[in-house]
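> fold the following for me, if possible:
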Amino acid sequence: MREQDEQPILPVNLYRSEDRVTVAAPMPGIEPDDISVEVTDDGRLILWGALRGELKGVNEILLNEWRAGGYHRELRLPSAVDGVHANVTYGNGVLVVSLPVSDHCSPARLTLTAIGPTQGEHAGNAGHPVRPFTAEEHRAARDP
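Next comes the predicted model:
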């Protein structure tokens, strides 16, 4: 495989507090509709970012160290989490997933709602302590 065709692993930062597990991952160059987050019942987090259009064939590629999309990362979470009430944000090319710690894993597949051309969110809870949050409640709180 040529160097320019290799896809590096998606780096993440993983944090844990008393009541949250938070994962942050850089995903530059994609839009909220391109992102999917899954929490599995066996305690894994799966992040996807779809590949956007490429300029291959238009320009001679001299160095290709990153791409806009084609992101994928799967990792084992350090605690059982409630995927249903997760909050997910995407802005400035960074995806942040905040998962409430739970007694057992609640699986979920989460997508983002665009709140701007390059920003998106999924609001599953209203903070500490975790209280279920509807999208309408979140928009009302965000845009008084």
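> any low-confidence regions in the chain?
1-8, 53-57, 66, 126-135, 138-139, 141-142, 144 (pLDDT under 70).
> that one: strands as residue ranges?
Per DSSP state E, the chain has strands spanning 13-16, 20-26, 35-39, 44-49, 71-76, 87-91, 94-100, 108-111, 113-116, 119-122. These are given in chain order.
> now mean neighbour count and distance to V58 too, for those strands, in a markdown table please.
C-betas here are computed from N, CA, C, even on glycine. A markdown table is the format used below for the strands of the chain (neighbours: other CB atoms under 10 Å; distance: least, CB to CB, whole Å):
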| stretch | mean neighbour count | distance to V58 |
| --- | --- | --- |
| strand 13-16 | 13 | 34 |
| strand 20-26 | 18 | 25 |
| strand 35-39 | 20 | 25 |
| strand 44-49 | 19 | 22 |
| strand 71-76 | 15 | 22 |
| strand 87-91 | 21 | 27 |
| strand 94-100 | 22 | 28 |
| strand 108-111 | 15 | 30 |
| strand 113-116 | 14 | 27 |
| strand 119-122 | 20 | 28 |
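> can you list these in a markdown table and add distance to N64?
Written out in a markdown table, the entries for the strands of the chain read as follows (distance: least, CB to CB, whole Å):
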| stretch | distance to N64 |
| --- | --- |
| strand 13-16 | 25 |
| strand 20-26 | 17 |
| strand 35-39 | 22 |
| strand 44-49 | 17 |
| strand 71-76 | 15 |
| strand 87-91 | 23 |
| strand 94-100 | 21 |
| strand 108-111 | 29 |
| strand 113-116 | 28 |
| strand 119-122 | 26 |
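> closest to L63 out of those strands?
Each of the strands of the chain has some distance to L63 by CB to CB; the shortest is strand 20-26, at 18.4 Å.
> kindly export that closest one (C-alpha atoms) in CSV.
This file holds the C-alpha atoms of strand 20-26, laid out as CSV (Å, rounded to 0.1, in the frame of the first residue of the first chain):
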residue,chain,number,x,y,z
ARG,A,20,-19.6,11.0,32.8
VAL,A,21,-17.4,9.4,30.2
THR,A,22,-16.4,11.9,27.5
VAL,A,23,-14.6,11.2,24.2
ALA,A,24,-13.3,13.9,21.9
ALA,A,25,-12.0,13.1,18.4
PRO,A,26,-10.8,15.4,15.6
